[in-house]
Each structure stands twice: as C-alpha cells, then as structure tokens.
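Participant: Give me a model of this one.
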Amino acid sequence: MGAVGTAVLLAAAPAGRGRAMDAASVLPVLAAVPPGVLTGTTAATVVELADPLDPQTVLTRLRAAAASPGPLVVCLAGQLHLDRRQQLPHLALARTTPATLRYTALPWHWLAGELGVRPPGTTTVVADLAADPDVWQRLTAAPGLLHLGPGPLLYGRVVPAPRRGEPTTPEYLRARAELWRSGARLTSAAAHAEAAARAVTVTPAPEPVFLTPGLAPPPAPVPAARPGSVPAMRPGPVPAAHPAPPVAPRPAPAPVPVTRPVPLPVTPPAPVPAGAGGPVAAEDPHPAILAAARAGRHGEAAAVAAAWEHEALRRHGPRSMEAVHWTEVRADLARLAGEPARSCELWLAAAESRLGLGQRTDDPDVEGAVDRAHHQWEQIGDPDRARALGPTLLGLRRRVPGSRPGALAALTRRMG
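Facilitator: Got it, this is the predicted structure:
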C-alpha cells in the first residue's frame, strides 16, 4: 500500500464511419475514480490517452508507465482489427483505416512486449473491446489470442463489432468504474464477474467473450528433441559445448552497401534456480521462441522473450551481456514480425549497450548490431518514423562505420 501506483486510461477508435465502439465515452467515468482506488495504493499517477493518433506515442507512454516500480493498471477501451498480412490483432487508433492498419494501429503484441517484462502480480489490464469479424472468428475459437504473457492479469470483455448502425459502448469498463467509485472492496476476479453480469444485462446480445487470467495462450509447438536436449519449458543451464542457436536464420544482405550478414550472437542467460520466480522455460528457450514466431504467433514469441529479458535484468542488471542478448533477440523477433522500425530501435539500443559495456567500435558484435539497425532502418515505410530514428543511427554510424565501405556515405545521402 505504500508504493506509488500508475493507472493508464486508454480509449481509442477510428474517426468517422470506421468507429465500431464509442471508446472515449467511458473516460469521464474512469477519470472520476480516485487514482489510488484504481491501483490499490495510497498514491497514484494517472495517464489518460483519449483517441491518440500515433502508435509510437502510445508505445512511449506505455513504456514509461511500465517502467514504474509500483502497481500498474491499464484500462483499455477500443476496437481490434486483424492485420491480414501478419495475421496479428491490432488496436485501432484515431487515424486507422483498413488500408493503413499496419502503420496507424497499435499491435497487440506491443502491449505484451512492454507489460510482460514486469514482475508477476504487479500489472492488471482491464479491457473492453469490439472485434472485427476476422479477430472475432479467431477469438471465439481461441480466447488466448489476446494473451499478454505470464505476468499481467487480463480481465475484460470482447464483443463483435456492429456491422452497421450506432457504435457499441464500453459497458463492461463502465461497470468496473462504477464498482471502483462505489467503494466496494472486491477482488479483481469478483469485480470482473460483477461487471460482466452488469454488461450482459445492458447489452444482452450478442454473446460476448469474457477474458480472465485463466485463459491459456495458443499452444506452442514442441521442437523436435535433439541429442542431449530436455523437454521444453524446464529451467536449467545450456551446456557450454552446445551454444543455443540464433533466434532467427541469417538474414540476407541488404540491397545497399550498408550491412553485412552477421549471425545473431547468442549468450544464453544463467539458469533460474528453483523458486526464484523467473520465467518457466526450457534449457534453451530459443527454439520454442523461434517456432512461435515462424508460426505467426509473434505476440507469444515477444512475450516469452520479454519475460526472459526481465529475468536477465533482475539477475544481472541492465548493464550486462545477458540483458543485451535478450534485447537483440527481441530485435530479431520484431524483424520476423515485419516491424522494421521496432527492430531498428532495439538494435540501436543493443549497440549503445555494447559500447557502454566497453566493447570496441570494431568489435564484430557491435558492428553487427549497427549493421542490422541500419538495414532495418532502410526497410521502414513510414517516413516520419524513419526521420525520428535517423539521427541516432547516424551518430552510431559515425562511431561504428563497419567493415564495408560506403555505409556512412549511403546513410548520409538517404537522410539528405
């Protein structure tokens, strides 16, 4: 109770005819709840995002909130759409249209990546969502589609988006706000049950999907056993004689003279002792993570990698090679998910961390991180996002020109 909590109130939906939920209508009711009641702490900070325009802005605010040490509650109202290319759910924002979904909506697995690194039991997400037909079809078959990882507790309601007529309203989240304001001392599970009952009474049809922490994520394929391997999802060390494979295959060289294919350096984290509270994983979690990414379950892969990164940070600190390794794993997962801006950002962070740890500018690992960041920057389709990352990349390129001539000159020309 002595900790300072953080509450994020996020309501988002496209403007115009694409609006399937009147998400912002619940914000006044949520804002009327005392911040400390939302988080269960004596003091709390509230961050309100009403119909934000840019997914990077939302990500920045979520990341800042996730970095706070106290309890975090995220109240989320909006609508889900499926990116048909990646087959991933996205939360639509104010400028989202079907044609611009990949660039103007917030990928759901970004939530998993940011919230999944927090200690278990410190994060609660309360969501009221409308799903487009593609997301709804998948969700009714597998409610774990919206799984946020092992740490966050997710409670909520999902309804199908109305095909025509008036947008639906976030009655479940409104009921949760009314329970908070009433002063009722309910557990999260009891509050969820009461709010669900009230929401069904207000909007009895169609039958919603209710989200609870007990919903399992989509099953991950178990990689084929290798000599000397153990069953997946069991903690333990990786034998030094058998280094873990990279998370992703060696990428193809860039079409411009800015990169060289550098294999992903893998330094497996130290084993998690029994009872340490770390993520439950195999001796080598990388094959299972890669299998999930290759199967298109990018949110699941990102959440598992984020959990391992959190454990590396907890055990070894942010200035450690173990933490850098998992940053690089997440960067490669972002590449596999078709998110070059996110991948570039993470590779830049990895390169800066390696230099901060005293590695030379001509170290192959440092050069590889900068080369990969540069290559991913070349793939960014959003000019504004590329311009935002450009100065950081240029500064690193000047320090780390790499072994191939022309990389710095090519970058300088592109930035013009």
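Participant: can you count the residues close to Leu411?
Facilitator: Taking other CB atoms under 10 Å as the neighbour definition, Leu411 ends up with a count of 21. Where C-beta positions appear, they are placed from N, C-alpha and C, glycine not excepted.
Participant: no no, Ala23
Facilitator: Counted by other CB under 10 Å, the residues lying close to Ala23 total 29.
Participant: Looks like it contacts Ala13 (just checking).
Facilitator: Yes. Counting by CB atoms under 8 Å, a contact exists between Ala23 and Ala13, whose distance comes to 4.5 Å.
Participant: who touches both of those two?
Facilitator: 51, 78-79 (CB atoms under 8 Å, 6 or more residues apart in numbering).
Participant: Output those as a markdown table; include the columns secondary structure.
Facilitator: Shown next, in a markdown table, are those (DSSP: H, G, I helix; E, B strand; the rest coil):
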| residue | secondary structure |
| --- | --- |
| Asp51 | coil |
| Gly78 | strand |
| Gln79 | strand |
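Participant: Which PyMOL command selects the buried ones in those?
Facilitator: Applying 16 or more other CB atoms under 10 Å to the shared contacts of Ala23 and Ala13, the buried members can be selected in PyMOL as follows:
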select buried, resi 51+78+79
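Participant: Among the shared contacts of Ala23 and Ala13, which one sits closest to Ala195?
Facilitator: For Ala195, the nearest member of these is Gly78. The distance, counting by CB to CB, is 17.1 Å.
Participant: contacting residues for the closest one?
Facilitator: When contacts are taken as CB under 8 Å, 6+ apart, Gly78 is in contact with 10-13, 21, 23, 91-92, 129-130.
Participant: Can you give me the pLDDT of it?
Facilitator: Gly78 is assigned a predicted lDDT (pLDDT) of 95.
Participant: again, but for the one 4 residues further on
Facilitator: Confidence at Leu82, expressed as pLDDT, is 90.
Participant: so where do the strands sit in this structure?
Facilitator: Listed in chain order, the strands of the chain (DSSP state E) span residues 4-11, 43-50, 72-83, 88-91, 106-107, 123-131, 153-160, 209-211.
Participant: Can you give the contact residues for the second one?
Facilitator: It refers to strand 43-50. Under the criterion CB under 8 Å, 6+ apart, residues 4-12, 24, 27, 31, 35-36, 38, 58, 61, 64-65, 68, 70 lie in contact with strand 43-50.
Participant: Taking the residues you listed, please make a ChimeraX selection of just the buried ones.
Facilitator: One line in ChimeraX is enough to select the buried ones among those; burial here means 16+ other CB under 10 Å:
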select :4,5,6,7,8,9,10,11,12,24,27,35,36,38,58,61,65,68,70
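Participant: circling back: of all the strands of the chain, which one comes closest to Leu115?
Facilitator: For those, distance to Leu115 was read as CB to CB. The smallest value, 5.3 Å, belongs to strand 123-131.
Participant: Would you mark the buried spots in that closest one?
Facilitator: By neighbour count, and taking 16+ other CB under 10 Å as the criterion, the buried residues in strand 123-131 are 123-131.
Participant: any idea which of the residues you listed is the one closest to Gly368?
Facilitator: Using CB to CB as the measure, the one of these that approaches Gly368 most closely is Thr123, at 33.3 Å.
Participant: Quick check: which ranges of the stretch 151-300 of the chain have low pLDDT?
Facilitator: Under the criterion of pLDDT under 70, the regions of the stretch 151-300 of the chain flagged as low confidence span 201-206, 214-283.
Participant: what about the helices in the stretch 1-150 of the chain?
Facilitator: If DSSP state H, counting those that start in this stretch is used as the criterion, the helices of the stretch 1-150 of the chain fall at 27-31, 35-39, 55-66, 101-104, 108-115, 133-141.
Participant: out of those, deepest packed?
Facilitator: Most buried of these by mean neighbour count (mean count of other CB atoms under 10 Å) is helix 108-115; its value is a mean of 26.
Participant: do you know how far the nearest residue to Gly299 once chain neighbours are set aside is from Asp362?
Facilitator: If the residues on either side of it in the chain are set aside, Gly299 comes closest to His109, at 3.1 Å by CB to CB, 6 or more residues apart in numbering. Using CB to CB, to the nearest Å, one obtains 35 Å as the distance from His109 to Asp362.
Participant: How about Ala291?
Facilitator: Taken as CB to CB, the spacing of Ala291 relative to Asp362 amounts to 35 Å.
Participant: higher neighbour count, these two?
Facilitator: Neighbour comparison, Ala291 and Asp362: the larger count goes to Ala291, with 18 against 11 (by other CB under 10 Å).
Participant: Next, find the distance separating that one from Pro285.
Facilitator: Distance from Ala291 to Pro285, counting by CB to CB: 11 Å.
Participant: before we move on, what about Ala197?
Facilitator: With distances taken as CB to CB, Ala197 is found 40 Å from Pro285.
Participant: For those two, work out which one has more neighbours and name it.
Facilitator: More crowded of Ala197 and Pro285, by other CB under 10 Å: Pro285, with 24 against 11.
Participant: Give me the nearest residue to that one, chain neighbours excluded.
Facilitator: With CB to CB, 6+ apart as the measure, Trp308 is the residue that lies nearest to Pro285, at 6.1 Å, once sequence neighbours are left out.
Participant: give me the number of residues near that neighbour?
Facilitator: Applying the criterion other CB under 10 Å, we find 25 residues in the vicinity of Trp308.
Participant: So what's the predicted local confidence for it?
Facilitator: With respect to pLDDT, Trp308 scores 80.
Participant: for Leu129, same thing?
Facilitator: As summarised for this prediction, Leu129 has a pLDDT of 94.
Participant: which residues touch the residue nearest to it when sequence neighbours are not counted?
Facilitator: Take Leu129 and drop its neighbours on the chain: the residue closest to it by CB to CB, 6+ apart is Val158, 4.7 Å away. Contact partners of Val158, counting by CB under 8 Å, 6+ apart, are 80, 127, 129-131, 136, 139, 146, 208-211.
Participant: do that again at 7 Å, thanks
Facilitator: By CB atoms under 7 Å, 6 or more residues apart in numbering, Val158 lies in contact with 129, 131, 139, 208-209, 211.
Participant: Same question for Gly156.
Facilitator: Gly156 touches 126-129, 172, 211, counting by CB under 7 Å, 6+ apart.
Participant: Save the residues you listed as a markdown table, and put in distance to Arg181 too.
Facilitator: Putting those into a markdown table (distance: CB to CB, whole Å) gives the following:
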| residue | distance to Arg181 |
| --- | --- |
| Val126 | 14 |
| Ala127 | 19 |
| Asp128 | 16 |
| Leu129 | 22 |
| Tyr172 | 15 |
| Leu211 | 22 |
